[in-house]
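**Student:** With the input below, show me the fold.
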Amino acid sequence: MSAFLKVVFDVPLADAFTYRNDAEDPASVGRRVAAPFGRRQATGYVVGELDECDIPEAQVKRITRVIDKEPLFDARSVELSRWMAGMYFCGPGEALAAMLPSGRRESGGSLFEADEFDIEERPLALSQEQADALARMTSGPSGTYYLYGLTGSGKTEVFLQAAEATLAAGRGVIYLVPEIALTGQVVDAAMRRFGRRCAVIHSRLTPSRKLAEWRRILRGEAEVVIGARSAVFAPLARLGLVVIDEEHESSYKAGNAPRYHARQVAMRRRAAEGAVLVMGSATPSAEAWSLMEEGNVERLVLTKRLAGGAPPVVEIVDMRKEEGCISGRLADAIRDTHRAGGQSILFLNRRGFSYFFRCRSCAAEIRCRNCSVSLTFHKDRNSLVCHYCGYRVSPPRSCPECGSLDVGWSGFGTERVEEDAGRLFPDLRILRLDADSTSKKGELERILGDFREGKADILLGTQMVAKGLNFPRVKTVGVVLADTSLNLPDFRAAERTFSLVVQVAGRAGRFTPDGRVLVQTYRPDSAVIKLAAAGDLPAFYRLELAARRELGFPPYTRLVRIVFRSKERGKARDAAALFAHEARAGLPPDVEILGPAECPLALVAGTARWQLILRAAELKGMHAALGAFLPAWGVPPGVRMETDVDPTSLM
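**Tutor:** Next up, the predicted model:
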């Protein structure tokens with residue numbers, strides 16, 4: 001037993017703190033402990049042991065108790081936490097807290113209560129393209145590959161068979177998906193393929209269940225780990241393969257400290273542990289496409305739909321010539337599909353009835369009192385709601401600015417589309433899938449199950465319906481409004497719009513050759529919309545990457561975003577201005593500082609937000625200089641500073 005312990009806490013501090021070990025119930029590296037920290041008791045993580053310490057023993061506090069009977073993490077996790085602390089400007093304790101389940105005791109339940117998971121499914125026969133891709137990605141103990149293929153081309157089966165080959169070689173597998181609930185078919189396939197050798201880690205598990213799964217992995221009982229972003233930290237003893245399915249998804253980037261990207265962590269683990277990394281998508285991120293073009297990641301291509309389907313016929317509908325939110329051509333296509341015994345999907349990336357309430361006399365909008373956004377009208381609740389802070393208010397009968405009675409809503413959300421669809425198709429059964437309709441536990445699974453079983457004719461939803469869903473009877477997809485994300489003040493707006501349209505179009509005709517997609521837009525001449533409708537990925541990426549190079553945005557530069565938040569707008573503004581002034585003197589001249597400026601979402605939940613963007617051709621020099629500058633810079637009272645390396649959003 002060591003007399004002293006090095007302990008880190010879930011705080012933005014780089015230091016480890018020294019504590020006296022408990023002689024009767026000693027702790028060791030990898031265990032959590034309760035310990036006095038300032039004026040409170042806090043949970044800490046033991047990252048080192050000492051026989052002696054250079055602090056006077058009278059000043060060394062004793063740990064209060066040991067939380068874990070067995071270690072919860074190993075030396076590799078400690079090393080990864082140190083890398084994350086350096087990479088993302090956070091504390092190593094914050095990194096460990098992001099990795100580890102927070103449960104105090106393990107759940108006694110099993111994830112494998114269904115008999116079907118006791119019988120492992122046999123692999124499917126592969127096409128020649130699939131077999132070639134599988135052979136390449138399993139050709140050596142390490143490497144980085146990208147499996148690029150249109151929707152329905154069988155990427156999942158290749159991933160699963162690569163996992164089987166990895167297990168046969170005595171090594172473990174991490175299989176990342178963007179969101180467990182929306183990729184349930186992938187999770188079910190993995191469970192049926194690997195049975196009790198599979199563990200699932202995601203945010204919907206209770207802390208005790210998550211801890212139970214984590215312990216199964218540590219004990220070697222689970223060798224395949226499937227889950228969302230945080231599953232990248234799974235403590236597999238001999239990691240052999242990491243799969244990142246739907247690599248383009250923004251949910252792989254953490255929104256809170258530490259603001260890690262699962263793709264970057266996976267690349268780090270691949271290099272440190274000698275594993276294979278395989279990413280996949282029908283719409284790769286611009287960064288991934290650039291890596292493939294430059295030869296830094298090997299591209300493996302699937303070109304054929306395996307279930308008999310063919311790429312759907314895609315039409316662009318000019319909404320400037322239409323009334324309402326469902327065009328005549330889309331309505332006719334839905335009716336034709338229903339008569340043929342098929343199903344339809346309607347996609348709109350806005351929930352609510354309308355997305356702003358306005359006065360027709362003076363054009364005033366009803367905005368959130370806490371956030372710099374318009375309130376969204378929800379007709380079923382008769383409320384104006386802020387989708388950022390949750391503030392809600394009843395719709396006014398008159399304009400609060402000019403007193404006019406000529407007030408109403410503009411734009412449309414999923415509620416409005418549902419109402420219009422109900423009026424246009426009174427004999428069709430409609431299900432709505434968005435954050436409002438799935439707020440109750442189990443509703444998401446019920447809605448998807450009902451649609452899969454043919455209990456509805458139309459599935460209407462937000463981007464949830466664009467993510468990995470596979471419904472054999474879907475023949476028609478309507479993109480109700482393709483423009484919703486195109487006008488956002490973010491350099492990724494075109495990429496996100498293109499990806500969403502291509503992904504949702506891929507839901508049509510996966511099993512039949514007569515799929516049809518109608519893309520409704522007020523900007524039919526937009527190159528992004530045209531290329532998405534044509535499914536011309538090479539042309540889009542050529543256009544997008546040329547624009548990124550010209551404007552100096554990733555992948556041709558690296559960015560660090562620094563956001564200053566305060567309840568007082570002036571404090572946030574002044575802190576950003578002071579930081580910019582001192583950073584221009586303290587950082588190398590090749591680091592460009594953009595701003596300060598208000599964030600596009602300048603006010604969220606009553607908190608003012610200002611930002612700076614640091615830009616350089618390469619990360620290394622900027623990152624090192626910033627690492628020396630940040631600890632010495634004192635954040636003014638009443639202000640919080642957030643640092644985001646390689647941000648995926650500038651909103």
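**Student:** mind listing the helices for the stretch 151-300 of the chain?
**Tutor:** Taking DSSP state H, counting those that start in this stretch, the helices of the stretch 151-300 of the chain run over residues 155-168, 184-194, 207-218, 262-273, 286-293.
**Student:** Generate JSON lines for these, with mean neighbour count, distance to residue 456 and mean pLDDT as supplementary columns.
**Tutor:** In short, each C-beta sits where N, CA and C put it, glycine included. Output for those, formatted as JSON lines (neighbours: other Cβ atoms under 10 Å; distance: least, Cβ to Cβ, whole Å; pLDDT from 0 to 100):
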{"stretch": "helix 155-168", "mean neighbour count": "21", "distance to residue 456": "25", "mean pLDDT": "96"}
{"stretch": "helix 184-194", "mean neighbour count": "19", "distance to residue 456": "17", "mean pLDDT": "86"}
{"stretch": "helix 207-218", "mean neighbour count": "20", "distance to residue 456": "31", "mean pLDDT": "94"}
{"stretch": "helix 262-273", "mean neighbour count": "19", "distance to residue 456": "34", "mean pLDDT": "97"}
{"stretch": "helix 286-293", "mean neighbour count": "21", "distance to residue 456": "35", "mean pLDDT": "97"}
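**Student:** got those helices as CSV, with distance to residue 436 columns?
**Tutor:** As requested, these are exported to CSV (distance: least, Cβ to Cβ, whole Å):
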stretch, distance to residue 436
helix 155-168, 30
helix 184-194, 20
helix 207-218, 27
helix 262-273, 28
helix 286-293, 32
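**Student:** ok now do residue 574, which residues does it touch?
**Tutor:** By Cβ atoms under 8 Å, 6 or more residues apart in numbering, the residues touching residue 574 are residue 636.
**Student:** On the three-state scheme, it is what?
**Tutor:** Using DSSP: H, G, I helix; E, B strand; the rest coil, the three-state assignment for residue 574 comes out as helix.
**Student:** Distance check, it against residue 612.
**Tutor:** 13 Å (Cβ to Cβ, to the nearest Å).
**Student:** ok, now residue 130?
**Tutor:** In this view, residue 130 and residue 612 are 47 Å apart by Cβ to Cβ.
**Student:** Then residue 295?
**Tutor:** Distance from residue 295 to residue 612, by Cβ to Cβ: 34 Å.
**Student:** Please identify which of these two sits among more neighbours.
**Tutor:** residue 612 (19 against 8; other Cβ atoms under 10 Å).
**Student:** Just the mean pLDDT for the one helix or strand that one maps to, thanks.
**Tutor:** Using DSSP states H and E, residue 612 sits in strand 607-616. For strand 607-616, mean pLDDT is 96.
**Student:** repeat for stretch 489-507
**Tutor:** Averaged across stretch 489-507, the pLDDT comes to 89.
**Student:** For that stretch, buried residues please.
**Tutor:** Of all the residues in stretch 489-507, those buried under the rule 16 or more other Cβ atoms under 10 Å are 490-507.
**Student:** gap between that stretch and the chain center?
**Tutor:** Shown here is stretch 489-507, whose average C-alpha point lies 14 Å from the average C-alpha point of the whole chain (Cα atoms, centre = their mean, to the nearest Å).
**Student:** what's the answer for stretch 505-522, then?
**Tutor:** Offset of stretch 505-522 from its chain centre (Cα atoms, centre = their mean): 25 Å.
**Student:** In terms of residue numbering, what are the domains of the chain?
**Tutor:** Each domain of the chain is listed here as a residue range: 4-99, 115-302, 313-352+412-549, 558-645, per automatic domain parsing.
**Student:** buried stuff in the longest strand belonging to the chain?
**Tutor:** Selection of the longest strand in the chain by residue count, based on DSSP state E, yields strand 592-604. Buried residues in strand 592-604, defined by neighbour count with 16+ other Cβ under 10 Å: 592-593, 595-596, 598-599, 602-604.
**Student:** That one pairs with which strands, and in what direction?
**Tutor:** Partner strands for strand 592-604, per DSSP bridges, with pairing direction: strand 607-616 (antiparallel).
**Student:** what's the offset of the strand it pairs with from the middle of its chain?
**Tutor:** Averaged C-alpha coordinates place strand 607-616 at 21 Å from its chain's average position (Cα atoms, centre = their mean).
**Student:** which residues sit against it?
**Tutor:** Taking contacts as Cβ under 8 Å, 6+ apart, the residues outside strand 607-616 that touch it are 552, 557-569, 571-573, 575-576, 579-580, 583, 587, 590-599, 601-603, 622, 626, 650.
**Student:** re the thing from before, next SSE after the strand holding residue 612?
**Tutor:** The C-terminal neighbour of strand 607-616 among helices and strands, as given by DSSP H and E, is helix 619-632.
**Student:** Give me the angle between that next one and strand 607-616.
**Tutor:** Between the axes of helix 619-632 and strand 607-616, defined by axes from the mean of the first three to the mean of the last three Cα atoms, to 10 degrees, the angle is 140 degrees.
**Student:** Checking residue 449 next. Helix, strand or coil?
**Tutor:** The three-state assignment at residue 449 reads helix, by three-state DSSP.
**Student:** roughly how far apart are the residue nearest to residue 201 when sequence neighbours are not counted and residue 23?
**Tutor:** The spatially closest residue to residue 201, leaving aside those adjacent along the chain, is residue 227, at 3.7 Å (Cβ to Cβ, 6 or more residues apart in numbering). Computed with Cβ to Cβ, the distance linking residue 227 and residue 23 is 39 Å.
**Student:** more crowded one of these two?
**Tutor:** When residue 227 is set against residue 23 and neighbours are counted by other Cβ under 10 Å, the residue ahead is residue 227, at 23 against 9.
**Student:** Pull the contacting residues for that one.
**Tutor:** Contacts were defined as Cβ under 8 Å, 6+ apart; by that measure residue 227 touches 175-177, 180, 200-202, 234.
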